[in-house]
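**Student:** Predicted structure and sequence below. I'll ask about it afterward.
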Amino acid sequence: MNIKYLSIISSTYISLINCAVHFERIYGVADEDLGKYQKTPDNLFHCLDGNGVIPYSSLNDDYCDCADGSDEPGTPACPNSKFYCENHGSKGNFIPSSRVNDGVCDYELCCDGSDEYNGIIICPDRCEEMARIEEREKTKKILNYVMSFQKYQKMLVNSLANITLDSTTFLEKKAMHLAENEKLDKLKDKIKHLEEIEKESKDFYKSLFRELRSEYRVTRARLIESVKDIMKLKNYKNMDQVEIDNILNNYDEIYLKEIVPEGTEIKEYENENELIKEEEEEENRLVQEKRDIYNSIRSELTTLRVERNDLDRTVRGYKREAEELEKKLNMDSGKNDIFYSIYGETFTLNTTDYIYTFIWGKEIKQKQRKGGNLTLLG
């Protein structure tokens, strides 16, 4: 059975007993205590602590006879005594006896004004008025409870919805991060492979260029000498046989094949410069061809590196968002995650010296009201 109902039944039962035995009313004594204040057959009163007996006429005589102050429930004579205000129409209350007849209407506890009965001050009975005020306050409190519960229910629903959404988003971001990261790894491998080719090509072409350049210089010098000799032989009429033999002796079969490989079409040149020019053009063509291949690789690498950087930013973005969501989902948001719905909301507290700004789930800042720097507390 409800304790409140037991209390009501008990109080009613005691009141009925008091009425049935016709206990004498004692000022400042609650109904349930009247049985303790009835006089003995010889007109005596036993102090409630059992340590004294006084004449019954000494009750409420404004003189403290009992050590426990129980003989003065209706006067301020005993500092440790209590006065009971009946407060008809409202709830009865005890007040310290020192506040009886002190010239102050203690309406917060004694709404019937019974604590001021000596006539020094008149305290009209305000119990009905206080009861109405109390009823309004009680109704207001109940409404606040209802509104608070409704807000609690709303926050609970919003928290559940946000958790569901964030959990789904977290899984999506995590999957996207893994997929994009896999693409990034493949792209990095491709770039690494091309960079190795680029380096090998660069080193190869540098070495080849140096060899060709050296070979070209040697060949060019030999060709120049050969062309000069040819030009001399064309004018053999002005030369004696000894000079002709000396020139021809410099050209054996092996040397001629080095200068003019087998199957090479022999062209007539007016002078050595024409031959040199043609050789230089062929050399430049070959070098340019190699350079074009190298530049093609470099161009592709540039494009792939831009793509890699963009993809890397995307991957890091997905990772950061997934980590933030994971942290949010794992934080303590109260019982049933009730405070999850206010994550990121800002609250402000003003004190005498400081202004506190609290962003739920993120940070707390403090700033002096009279200026000063903003301090991050956590």
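**Tutor:** Structure received. Numbering: from 1, shown residues only.
**Student:** okay, CA-based contacts and neighbour counts for the rest of this
**Tutor:** Noted.
**Student:** Okay, now the unreliable bits of the protein?
**Tutor:** Within the chain, the stretches with pLDDT under 70 are 1-23, 204-205, 208-209, 212-213, 215-216, 219-280, 283.
**Student:** And the strands in it?
**Tutor:** 44-46, 53-55, 82-85, 93-96, 346-350, 354-359, 363-368, 375-376 (DSSP state E).
**Student:** Tell me how far residue 367 lies from residue 346.
**Tutor:** 15 Å (Cα to Cα, to the nearest Å).
**Student:** Compare neighbour counts for the two and give me the winner.
**Tutor:** Between residue 367 and residue 346, counting by other Cα atoms under 10 Å, residue 367 is the more crowded of the two (17 against 14).
**Student:** Pairing partners for that one in the sheet, please.
**Tutor:** Per DSSP bridges, the residues bridged to residue 367 are residue 355.
**Student:** which of the strands of the chain is buried the deepest?
**Tutor:** strand 82-85 (a mean of 24; mean count of other Cα atoms under 10 Å).
**Student:** Mind listing residues that contact it?
**Tutor:** 28-30, 73-75, 92-97, 100, 109-112, 114-115 (Cα atoms under 8 Å, 6 or more residues apart in numbering).
**Student:** can you check stretch 331-341 too?
**Tutor:** 152, 155-156, 158-160, 162-163, 361.
**Student:** Which one (most neighbours) among the residues you listed?
**Tutor:** Among these, residue 159 has the most neighbours (other Cα under 10 Å), with 21 neighbours.
**Student:** Name the nearest residue to that residue, sequence neighbours excluded.
**Tutor:** residue 341 (4.3 Å; Cα to Cα, 6 or more residues apart in numbering).
**Student:** Residue 319 and residue 337: what is the separation?
**Tutor:** 25 Å.
**Student:** Compare those two (neighbour count), which wins?
**Tutor:** Neighbour totals were compared for residue 319 and residue 337, and residue 319 leads with 20 against 16 (other Cα under 10 Å).
**Student:** The more buried one against residue 177, yeah?
**Tutor:** Yes. Between residue 319 and residue 177 there is a contact under Cα atoms under 8 Å: 6.0 Å.
**Student:** who's residue 347 bridged to?
**Tutor:** Under the criterion used (DSSP bridges), residue 347 bridges to residue 358.
**Student:** Quick check: it touching residue 355?
**Tutor:** No. In this structure, residue 347 is not within contact of residue 355 by Cα under 8 Å, at 10.6 Å.
**Student:** all helices of this structure, in order?
**Tutor:** For the chain, helices defined by DSSP state H occupy the ranges 3-21, 127-234, 241-249, 253-259, 272-330.
**Student:** Mind putting the strands of the chain into TSV with distance to residue 324?
**Tutor:** Shown next, in TSV, are the strands of the chain (distance: least, Cα to Cα, whole Å):
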stretch	distance to residue 324
strand 44-46	75
strand 53-55	78
strand 82-85	62
strand 93-96	57
strand 346-350	18
strand 354-359	15
strand 363-368	14
strand 375-376	20
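**Student:** Residue 142: how many residues sit nearby?
**Tutor:** Residue 142 - counted by other Cα under 10 Å - has 12 other residues nearby.
**Student:** what does residue 33 give?
**Tutor:** With other Cα under 10 Å as criterion, residue 33 counts 13.
**Student:** now it: how far from residue 25?
**Tutor:** Residue 33 sits 10 Å away from residue 25, going by Cα to Cα.
**Student:** Equivalent analysis for residue 353, please.
**Tutor:** Applying Cα to Cα to residue 353 and residue 25 gives a distance of 57 Å.
**Student:** Please determine how far residue 101 is located from residue 76.
**Tutor:** 7 Å.
**Student:** Neighbour count: these two, which is higher?
**Tutor:** Using other Cα under 10 Å, the more surrounded residue of residue 101 and residue 76 is residue 76, with 24 against 19.
**Student:** Next up, the contacts around that one.
**Tutor:** 62, 97-101.
**Student:** Swap in 10 Å and give it another go.
**Tutor:** 60, 62-64, 69, 82-83, 96-102, 115 (Cα atoms under 10 Å, 6 or more residues apart in numbering).
**Student:** When you filter the residues you listed down to buried only, what's left?
**Tutor:** 60, 64, 69, 82-83, 96-101, 115 (16 or more other Cα atoms under 10 Å).
**Student:** out of the contacts of stretch 331-341, which one sits closest to residue 126?
**Tutor:** Nearest to residue 126 among the contacts of stretch 331-341 is residue 152, at 37.7 Å by Cα to Cα.
**Student:** Roughly how far does the closest one sit from residue 158?
**Tutor:** 10 Å.
**Student:** Next: residue 112.
**Tutor:** Residue 112 is 50 Å from residue 158, by Cα to Cα.
**Student:** Spell out which residues are contacts of both of residue 101 and residue 76.
**Tutor:** residue 115.
**Student:** circling back to that earlier point, tell me which of residue 353 and residue 25 has more neighbours.
**Tutor:** residue 25 (14 against 10).
**Student:** Contacts only, for that one.
**Tutor:** 18, 31, 34-35, 37-38.
**Student:** any idea which of the residues you listed is the one closest to residue 377?
**Tutor:** Among these, and counting by Cα to Cα, the member closest to residue 377 is residue 31, at 57.9 Å.
**Student:** pretty sure that closest one is touching residue 86, no?
**Tutor:** Yes. At 8.7 Å, residue 31 counts as touching residue 86 under the criterion of Cα atoms under 10 Å.
**Student:** tally of neighbours for residue 372?
**Tutor:** Residue 372 has 9 nearby residues by other Cα under 10 Å.
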